[in-house]
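Undergrad: coordinates only, sequence not included:
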């Protein structure tokens, strides 16, 4: 059942993609902040990948020290504003809130965080200080959360920073890859602009680094290089008919959606392949773009899905149907996709087996593959002595330094795909790692 | 059959819920509305000498998500013409002959007192309340709390009033003194029929951090206000107790005032000897309708305890309020944490470790956030139970067998008190205290 009508204008688009975590007003923030117990050794801090002093910033909101609250947040997480709304708080800080043990709703930490930073950003408060110049330079490849965090931290430590970004906007997946109901483009971009205006790192857009010569030139000009390139395009599944029109990767689909909004044409029937959070996002988005029928197809059982429960629920509430225990065999259609042939799967002796005798066709006009992204292996191959693991993730030590000592790395490039908050943490810590290394050198 | 009616030193009312002399009793309109809502009596906003009020009059203390936990004002007595007030008193009495309408008064000279008493009696007031409490503005002119702070002056004025008054007289006292008994006694000696307390407490509720002026701000400046609201209730109850336990003052009716908002407050004041209660801030916050909750709660309490009138339990807590020296030194309670209810906030741990007696420990297992009581260190102070956000999670469990009873008073009489700090009979000796350097661990 379609819950949403095809959006024909920006207003209709915004209505279909209403913010899941809308900005709090002053009164709501005041009352919500008043509920915080100020736990000792607070579990929310422990659950935050960047260890924000959450009880402190909540107390600061309550005492109307919003600038202080923002300092507390940014002190631990350079992307505190975005994280407030895009973090899966239910499994992080809010999931750890002690109120959960009392059957009382946990403190809305994410929204409070976003409230404080939003106010500070909108007021243009100057809260950061560039470190005294040490005349050293860092190059950062990729202006995603890891790169921005690394650049910001490095600037406070006195480094000159140039970021090389392949695309035309900063923030990586936060602007290109996150569901529009989690954060708007404007909100993502204003945080980066806020950081950049105070910290003064440079971003060179439309400047992909993908040749040995370019890397060599960076190595010559800079004292250290941080790799924050995230992941690449959606991996091919190797299916028959995968090259048909309207077969698209989830990452590419979301990027198009985020850039085109209501101008993106989503056809009537959409099949989404996958069971991770990206699959949930893509399905939910297709439904909100007015697809009459959106079907999630996952090869294993519902319980085995990688997606968070709340993400699945969100997709279902948008009108998405789901099919479990099936695997695509071929994509059908004459030029344009018109269906997917699936085979049922079953667990046999603890292993998922395809039952080739039980096949069927699901008709559709679009297939979105949310089955994983390729790594940026081509880039890694160009760097001398760079160790990568069996899943093509860059290996780093505790200081986020790679086997090639000049290179540091963080974010999806080292973890294979995680949250914005993880990338923000990595970037910050990598800058400190670079600083420790260059100081000792 | 529950009967809430009271006869308060000659002033009859259908119930003990009265409005204190304050902005809610500024007009006949408000008082009629209040009686309709269920209030049994009202003390009219103080009538007296001509005054001029300022604009910007009230300030508040908010605590966490509680608005107006404390409240203050710099408003003076009524600024409406006396004739208007008198006419309205008469009108209210016409509509509500059985409700108590009490005229609060504040003037200076004996002649003024005599005249105004005649006026309010002619208007039909059921009683008079002498405002010897107002701590702002009026006291600068020698009235209000300036009188309440001088027992001799207070006694003299009460005696002037009593000489001419034909209706009962309530003397309202100020808490802005170190001991409430001398003014209470002075009122009694002056011949008052009853006493009401407390009036507001001198206060500054806050300072504006941009203009550096105290709230409420009047054109960049402020003055001390009179503090009231839920925050002052403990102070009021202690002063009420002091008068109620006094062998002479305790014999006359006492009207309790100070932060009363709920039925529980009402019952507590009655248990400490009040036989009428006066309310202002709660009405200024929620309107006259707040009396519904007080009335229903008081009736429910009386029904459950089998009381017919409030006199059945008035003063019932007084025998249990004693001097520290009469408390049983053998009594021993220890905190107990219910692990099924504990939510792991660890506030009990940190409050005890930083703020009390280092008698709670944390588990070595980081996943187990349920603290444990170190029973031998626990002095039974209650702090952990007070900070615990979960109802009935931490309880104080009695550990003595109840057979022993000694008090400081008894021990003094028996010459059995410690005389040196290493005396075995001294408290705190042998009590566990971590080494100072233990604070530097981690």
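TA: Cool, the structure landed. Just so you know, these numbers come straight off a predicted model, no measurement behind them.
Undergrad: where do the helices sit along chain B?
TA: All helices of chain B, identified by DSSP state H, fall at B:28-37, B:82-95, B:110-123, B:145-148, B:151-164, B:181-190, B:233-244, B:263-271, B:281-286, B:291-304, B:347-355, B:383-387, B:408-413.
Undergrad: how far does the lowest-mean-pLDDT helix or strand in chain B sit from the chain's center?
TA: Here the helix or strand of chain B ranked lowest by mean pLDDT, DSSP states H and E is helix B:145-148, holding a mean of 90. Here helix B:145-148 is found 19 Å from its chain centre; the criterion is Cα atoms, centre = their mean, to the nearest Å.
Undergrad: and the contacts of that helix?
TA: For helix B:145-148, contacts defined as Cβ atoms under 8 Å, 6 or more residues apart in numbering or on different chains pick out B:132-135, B:138-140, B:153-154, B:157, B:172-174, B:176-177, B:183, B:199, B:202. From N, CA and C alone the C-beta is placed, and that goes for glycine too.
Undergrad: list the buried ones in it?
TA: For helix B:145-148, the neighbour count (16 or more other Cβ atoms under 10 Å in any protein chain shown) marks B:145, B:146, B:147, B:148 as buried.
Undergrad: what helix or strand does residue A:151 sit in?
TA: Residue A:151 is located in helix A:145-156, with elements delineated by DSSP states H and E.
Undergrad: for the helix or strand just after that helix, which strands pair with it and how are they oriented?
TA: The C-terminal neighbour of helix A:145-156 among helices and strands, as given by DSSP H and E, is strand A:160-164. Strand A:160-164 pairs in its sheet with strand A:137-141 (parallel), strand A:202-204 (parallel), by DSSP bridges.
Undergrad: which parts of the shortest one are buried?
TA: With burial defined by 16+ other Cβ under 10 Å, the residues of strand A:202-204 counted as buried are residue A:203.
Undergrad: now residue A:9: how far from chain B?
TA: 40 Å (Cβ to the nearest Cβ, to the nearest Å).
Undergrad: residues in contact with the closest residue to that residue other than its chain neighbours?
TA: Leaving out its chain neighbours, the residue that sits closest to residue A:9 by Cβ to Cβ, 6 or more residues apart in numbering or on different chains is residue A:262, at 6.0 Å. Applying Cβ under 8 Å, 6+ apart to residue A:262 gives the contacts A:7, A:8, A:9, A:10, A:12, A:13.
Undergrad: just put the residues you listed in JSON lines and tack on secondary structure and pLDDT.
TA: Converted to JSON lines, the contacts of residue A:262 look like this (DSSP: H, G, I helix; E, B strand; the rest coil; pLDDT from 0 to 100):
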{"residue": "A:7", "secondary structure": "coil", "pLDDT": "96"}
{"residue": "A:8", "secondary structure": "coil", "pLDDT": "95"}
{"residue": "A:9", "secondary structure": "coil", "pLDDT": "96"}
{"residue": "A:10", "secondary structure": "helix", "pLDDT": "95"}
{"residue": "A:12", "secondary structure": "helix", "pLDDT": "96"}
{"residue": "A:13", "secondary structure": "helix", "pLDDT": "96"}
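Undergrad: hmm, which of the residues you listed are the buried ones?
TA: Applying 16+ other Cβ under 10 Å to these flags A:7, A:12, A:13 as buried.
Undergrad: would you confirm that the last one contacts residue A:5?
TA: No - in this structure, residue A:13 sits apart from residue A:5 without contact. The criterion is Cβ atoms under 8 Å, and the distance is 11.0 Å.
Undergrad: pick the most deeply packed of the helices of chain B.
TA: Counting by mean count of other Cβ atoms under 10 Å in any protein chain shown, helix B:145-148 has the highest mean neighbour count of the helices of chain B, with a mean of 26.
Undergrad: what's the distance between the closest residue to chain B within the stretch 301-441 of chain A and residue A:131?
TA: For the stretch 301-441 of chain A, the residue closest to chain B is residue A:425, as judged by Cβ to the nearest Cβ, at 19.9 Å. Applying Cβ to Cβ, to the nearest Å, the value for residue A:425 to residue A:131 is 20 Å.
Undergrad: counting contacts, what elements does the longest helix along chain A pack onto?
TA: What stands out as the longest helix in chain A, according to DSSP H, is helix A:420-440. Helix A:420-440 is packed against helix A:80-86, helix A:145-156, strand A:224-227, strand A:407-409, helix A:412-415, with contacts defined by 3 or more Cβ pairs under 8 Å, 6 or more residues apart in numbering or on different chains; DSSP states H and E.
Undergrad: export these as JSON lines, with columns for distance to residue B:366 and mean neighbour count.
TA: Shown next, in JSON lines, are the helices and strands packed on helix A:420-440 (distance: least, Cβ to Cβ, whole Å; neighbours: other Cβ atoms under 10 Å in any protein chain shown):
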{"stretch": "helix A:80-86", "distance to residue B:366": "24", "mean neighbour count": "28"}
{"stretch": "helix A:145-156", "distance to residue B:366": "27", "mean neighbour count": "29"}
{"stretch": "strand A:224-227", "distance to residue B:366": "32", "mean neighbour count": "29"}
{"stretch": "strand A:407-409", "distance to residue B:366": "30", "mean neighbour count": "29"}
{"stretch": "helix A:412-415", "distance to residue B:366": "23", "mean neighbour count": "25"}
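Undergrad: go through these and name the closest to chain B.
TA: Closest approach to chain B among the helices and strands packed on helix A:420-440 (Cβ to the nearest Cβ): helix A:80-86, 21.4 Å.
Undergrad: what are the buried residues along stretch B:17-31?
TA: Applying 16+ other Cβ under 10 Å to stretch B:17-31 flags B:17-28, B:30-31 as buried.
Undergrad: out of those, list just those in strands.
TA: Mapping these onto strands (DSSP state E) picks out B:17, B:18, B:19.
Undergrad: who touches the first one in this structure?
TA: Under the criterion of Cβ under 8 Å, 6+ apart, the contact partners of residue B:17 comprise B:38, B:39, B:40, B:41, B:266, B:277, B:279, B:291, B:294, B:295.
Undergrad: now the second one
TA: Counting by Cβ under 8 Å, 6+ apart, residue B:18 makes contact with B:39, B:40, B:41, B:42, B:43, B:100, B:102, B:255, B:276, B:277, B:278, B:279.
Undergrad: list the contacts of the closest residue to it other than its chain neighbours.
TA: In space, and not counting its chain neighbours, residue B:18 is closest to residue B:41: 3.7 Å by Cβ to Cβ, 6+ apart. Counting by Cβ under 8 Å, 6+ apart, residue B:41 touches B:11, B:13, B:15, B:17, B:18, B:19, B:99, B:100, B:101, B:102, B:126, B:276.
Undergrad: list the contacts of the residue nearest to the first one when sequence neighbours are not counted.
TA: When the adjacent residues along the chain are set aside, residue B:11 lies closest to residue B:127, with 4.2 Å between them (Cβ to Cβ, 6+ apart). The contact partners of residue B:127, by Cβ under 8 Å, 6+ apart, come to B:9, B:10, B:11, B:100, B:102, B:103, B:167, B:168, B:169, B:170, B:193.
Undergrad: how about residue B:281?
TA: Contacts of residue B:281 (Cβ under 8 Å, 6+ apart): B:68, B:71, B:228, B:229, B:230, B:259, B:261.
Undergrad: these two touch, right, the second one and residue B:226?
TA: Read it as residue B:71. No - using Cβ under 8 Å, residue B:71 is not in contact with residue B:226; the gap is 9.1 Å.
Undergrad: what are the phi and psi angles of the closest residue in space to residue A:280 that isn't next to it in sequence?
TA: Leaving out its chain neighbours, the residue that sits closest to residue A:280 by Cβ to Cβ, 6+ apart is residue A:311, at 4.0 Å. Main-chain dihedrals, residue A:311, degrees, to the nearest 10: phi -70, psi -40.
Undergrad: next, count neighbours for residue A:311.
TA: If you count neighbours by other Cβ atoms under 10 Å in any protein chain shown, residue A:311 ends up with 22.
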